[in-house]
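Asker: build me a model:
(chains A, B and C)
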Amino acid sequence: MIGERWINLAVPLALLAVPLYALMADEPFTITLATRATILALAAVGLNIALGIGGLVSLGHAVFFGLGGYAMGILAFHAQNYSPLEIGPLTFAGTKSMPVIWLVAVIVSAMAALLIGALSLRTSGVYFIMITLAFGQMFYYFAISWSAYGGEDGLSIYVRNGFPGLNTLVPIQFFAVCFVVLCLALALNAMLRASPFGLALNAARQVPQRVETVGLNPMRLKLMAFVISGAITGLAGALFADLNRFVSPSMFSWQLSGELIILIVIGGVGRLMGPVVGACLFVALEHWLGGLTDFWHVWLGVVLLGIVLFARGGVVGLLTGKAGPHV
Amino acid sequence: MKKTLLATAALILAAGAAMAEVKVGMITTLSGGGAGLGIDVRDGFMLAVKQSGRDDIDVVIEDDQQKPDIAVQLADKMIQSEKVDVLTGIIWSNLAMAVVPAAVAQGKFYLSPNAGPSALAGAGCHPNYFNVAWQNDNLHEAAGAYANTAGHKNTFILAPNYPAGQDALTGFKRFFKGDLAGEIYTQLGQTDYAAEIAQIRASGADSVFFFLPGGMGISFLKQYADSGVGLPVVGPAFSFDQGILQAVGDAALGVVNTSQWSKDIDNPTNKAFVETFQAEYGRLPSLYASQGFDTANLLISALDKAAPSDADAFRAALEAADFSSTRGAFRFGPNHHPIQTIYAREVIKEGDVFTNKIIGVALEDHADAYAAECKM
Amino acid sequence: MSLVLIAEQVLNGLQFGVMLFLMAAGLTLIFGVMGLINLAHGSLYMVGAFAAAAVAGATGSFLLALVAALAAAALAGAIVEMVVIRRLYAAPHLDQVLATFALILIFSEGTRWVFGSFPLYLDIPDWLSGPVTLPGGIAYPLYRLALIGVGLAVAAGLWWLTARTRLGIQIRAGENDREMVAALGVDISRLYTLVFALGAGLAGLAGALVGAIQSVQVGMGEPVLILAFVVIVIGGIGSIKGAFIGALLVGLTDTLGGIFLPELFKLFMEPGAATQTGSALASMAIYILMSLVLVWRPSGLFGARA
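Answerer: Sure thing, here's the model as predicted:
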């Protein structure tokens, strides 16, 4: 059995080693796969704040992922067409600068999370799962019929957005950007856990009544966690859109919300590195099984089932030999 | 960085010349509910490759699961690590929009065996993008033209509320001269059409035009037949294709649909295609299979003249479209989309099998409406 | 828009609702008794439709096809319960979501493996086809009236089962206190297998009945699954009555929204844009309804307080 601290160190190093090896072996596609895993991990790290610490099983996090994606898509679309973006009386210019896009993605998804969270947190348990799903479906159908930005066809951005000082078109440089963002999000997550806010949130998940009696408002704690969580997932959405140079309503789909949850459960709920391990395994499985047979979904299902039934606490739980927190 | 890129390119060129092998990347839908279309395109394509007897064409086939982000990822893989020369295979317009612009911008050739979104036919056209099937509006335009000749004066039109659905109704209206009794957008993926059928019944229409691809069309036709409304129905071939016709059954009998291909088009290539396809795979070929077959034959005809590494010569060879198509005459317009005859077909029953029979020409030598916007 | 047309559309909404109830009944039963989120419910619906299509194709009998659908789905349900689900009752909701999501993948692609990638043929029998004329001059398909009848019968049957039979008493007791019921000598794991098979069988029956007027294809269960979840959440999880009312509400909202919203927008927009905007809003309508209900009553209309 391995201590979780070692895992927390080893996993990011391993994730870093893969594209570096691929760079030397001249296999750029492996770098793309590692970037995909990194971005999905980032989205799941966001969800894990709500889910792992706050106990909020959201089946609607694709909303934030999609909003981040569309923030990138819409800004870059206006920049590449040199058309101004008009919102009511205000007019903005589009942009191809990643930092600006990230800021917009984070703000938009945080605001959406505030609104959705404030309404959804009135419910709990399965009802919470389903109301978040309902919000996801609303955004999905809205995006499909929003013809100004491509509807179901989505929006293609022909050139990846820029980051000052880097050439993001080079796979390894774009990977580096995503990897640094992931590390920052992980650090933020670790700090949150240890902070008074994180501890109170953890308590609010387990016994809300006690938190209330010491004068804290569990609802407000959960809402704050939900907003932070949504903002990080939104940022991941903007990066994902940049990876594919494309956004479409499928970023809002409930299957994507489900996949994010799956990543976390595979890796280990509430573990710092759970989402990262889960995302890497998922991308690797998808890639490897897809090459083996036409009916690879069957085997993916079998593997997932095996993990749920025989590896409680996910892969990280299996490695450390300890059960994770109960959600 | 530029230097390494050039060096890699030189390396590939050298390797390509040494082996004289062409690598084709096929990204298509092989799992999930839409798999039937991708499988047909793949089987048609591979049949043509096999019949050509060439062993220097290496086709890499991958499943996009009908998800745009997976398709983009596969395109990256094929370009970056498989180093393919030509891409093909995508079924759905939204996936094509995600993959094609980036692929052709990187100097690859893309031959579309199915999707033809208007953006890629008009302002977004590209010298390396060739559509072997149709521009999305074509079959709907033909349906509008057919409705005129059939004497429909007041028709009710419906399609799902997404870009291809909006294009479909626009395409129909572009050629239809009568009045519209009603125009509705249904929900994408909708399975129950009782409300729409009631509106059709109450609208006083003399005919119905619908574009509801895949399972949506099956559901609509079954429910429409059972409702007893009984007005004549016109649609594009997608809902009356060989693959799904058996699932619709009697409900489709007599329905007129428009298609650029039919298994009874009378030319030797088509006869041989239908026979060999049936012998090879044990089922009748579909529209999609014919498009896959034609795409491969176009590619092979161009390869006979030039290698993809010589982009200009290869492009010219593709533009010439010097192959015998299952559709008979075939040529490209200035925007690399087909100019072709579109037929009106009627659904009939041959023994136990439902299939289509040509009843006339809907549009002769038809080009698309966007060619003028294309500057290349 | 004439009054007769409006009446017909209301009837359509009710009929769609009853259809949804058929799917939701099994889901809410399983949820209520065992506290299990079964995402694979839609797969059992698909299994029913495919079994019906296969049997109808081989024998030509629609009734036999219905029996086969019920049996195949119940059997599949019982096997799944014994092999997988049984280990998940004590597990958190998360594990249940993941495991049953995995089951969707296995069922969907497994079905494609066996039956191929093309939709199957299943049609309504001759003795139920065609329209009949209702009072007021509405021509309405007989089969849809029969669907309403079956839905009402299933609702009544479930009410009778839970309220009047020994099994029902055990089920209701199991919902409240599983350990106590086990202590009283009820074989709780057999009871659960039975309930799961019953829920699965209902899903399979719904799949076959609906499959006759829709498309029998891989993936047909998933949109239905989401709708069924919306229904039981609006009604309150575990409540058969809630599922029934929820289903009718969703059916009416979806059907009437699709017709009246575009008309409403035409009052102040040009027709083309109004149709598009109205349709977009209509496709979101049931989700808006669901979130409104939950914001107003966080445990659904008839749910026990969470």
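
Asker: can you name the next helix or strand after the lowest-mean-pLDDT helix or strand in chain B?
Answerer: Lowest on mean pLDDT, DSSP states H and E among the helices and strands of chain B sits helix B:2-19, with a mean of 45. Elements were assigned by DSSP states H and E; along the chain past helix B:2-19, the next helix or strand is strand B:22-28.

Asker: and that following strand, what other elements does it pack with?
Answerer: Using 3 or more CB pairs under 8 Å, 6 or more residues apart in numbering or on different chains; DSSP states H and E as the contact test, the elements touching strand B:22-28 are helix B:35-52, strand B:57-63, helix B:68-80, strand B:86-88. The C-beta positions use only the backbone N, C-alpha and C, and glycine is treated the same way.

Asker: give me the sheet partners of it and which way each runs.
Answerer: Applying DSSP bridges, strand B:22-28 is found paired with strand B:57-63 (parallel), strand B:86-88 (parallel).

Asker: what does stretch A:87-101 rub up against?
Answerer: Contact with stretch A:87-101 is made by A:71-72, A:74-86, A:159, A:161-164, A:168, A:177, A:238, A:242, as judged by CB atoms under 8 Å, 6 or more residues apart in numbering or on different chains.

Asker: please apply the same query to stretch A:74-84.
Answerer: For stretch A:74-84, contacts defined as CB under 8 Å, 6+ apart pick out A:85, A:91-96, A:100-101, A:104, A:149, A:155, A:157-159, A:161.

Asker: nearest to chain C among those residues?
Answerer: The closest of the contacts of stretch A:74-84 to chain C turns out to be residue A:149 (CB to the nearest CB; 12.9 Å).

Asker: that closest one touches residue A:155, doesn't it?
Answerer: Yes - if you go by CB atoms under 8 Å, residue A:149 and residue A:155 touch, sitting 5.6 Å apart.

Asker: read off the pLDDT value for residue A:226.
Answerer: Note for residue A:226: predicted pLDDT of 96.

Asker: where does the prediction get shaky in the chain?
Answerer: Defaulting to chain A. Applying pLDDT under 70 to chain A flags residues A:1, A:294, A:322-327.

Asker: wrong chain, I was asking about chain B
Answerer: For chain B, the stretches flagged by pLDDT under 70 are B:1-20.

Asker: before we move on, the earlier item: give me the buried entries from the contacts of stretch A:74-84.
Answerer: By neighbour count, with 16 or more other CB atoms under 10 Å in any protein chain shown, the contacts of stretch A:74-84 hold A:94-96, A:101, A:104, A:149, A:155, A:157, A:161 as buried.

Asker: in helices only, show me the residues you listed.
Answerer: A:101, A:104 (DSSP state H).

Asker: and which of the buried ones among the contacts of stretch A:74-84 is nearest to residue A:23?
Answerer: The closest of the buried ones among the contacts of stretch A:74-84 to residue A:23 turns out to be residue A:161 (CB to CB; 22.0 Å).

Asker: mind checking how far the closest one is from residue A:80?
Answerer: Distance, residue A:161 to residue A:80, using CB to CB, to the nearest Å: 10 Å.

Asker: swap in residue A:181?
Answerer: Residue A:181 sits 23 Å away from residue A:80 when distances are taken as CB to CB.

Asker: check contacts around residue 206.
Answerer: Since no chain was named, I'll use chain A. Residue A:206 neighbours (CB under 8 Å, 6+ apart): residue A:55.

Asker: wait, chain B
Answerer: Applying CB under 8 Å, 6+ apart, the residues near residue B:206 are B:152-155, B:181, B:231-232.

Asker: ok, of the residues you listed, which come out buried?
Answerer: B:152, B:155, B:181, B:231-232.

Asker: can you list the residues you listed in a markdown table and add secondary structure and distance to chain C?
Answerer: Putting the buried ones among the contacts of residue B:206 into a markdown table (DSSP: H, G, I helix; E, B strand; the rest coil; distance: CB to the nearest CB, whole Å) gives the following:
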| residue | secondary structure | distance to chain C |
| --- | --- | --- |
| B:152 | coil | 20 |
| B:155 | strand | 16 |
| B:181 | strand | 13 |
| B:231 | coil | 13 |
| B:232 | coil | 18 |
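
Asker: identify the residue nearest the geometric centre of chain A.
Answerer: The centroid of chain A falls nearest to residue A:43 when counting by CA atoms, centre = their mean (0.9 Å).

Asker: quick one on the thing from earlier: just the buried residues of the contacts of stretch A:87-101.
Answerer: Neighbour-count burial (16+ other CB under 10 Å) applied to these gives A:71-72, A:74-79, A:161-163, A:168, A:177, A:238, A:242.

Asker: looking at these, which is nearest chain C?
Answerer: Lowest distance from chain C to these (CB to the nearest CB) belongs to residue A:74, with 17.5 Å.

Asker: follow-up on the earlier one: adding distance to residue B:163 and mean neighbour count as columns, could you present the strands paired with strand B:22-28 in JSON lines?
Answerer: Formatted as JSON lines, those follow (distance: least, CB to CB, whole Å; neighbours: other CB atoms under 10 Å in any protein chain shown):
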{"stretch": "strand B:57-63", "distance to residue B:163": "24", "mean neighbour count": "18"}
{"stretch": "strand B:86-88", "distance to residue B:163": "22", "mean neighbour count": "27"}
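
Asker: okay if I get those as CSV plus distance to residue C:195?
Answerer: Shown next, in CSV, are the strands paired with strand B:22-28 (distance: least, CB to CB, whole Å):
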stretch, distance to residue C:195
strand B:57-63, 38
strand B:86-88, 51
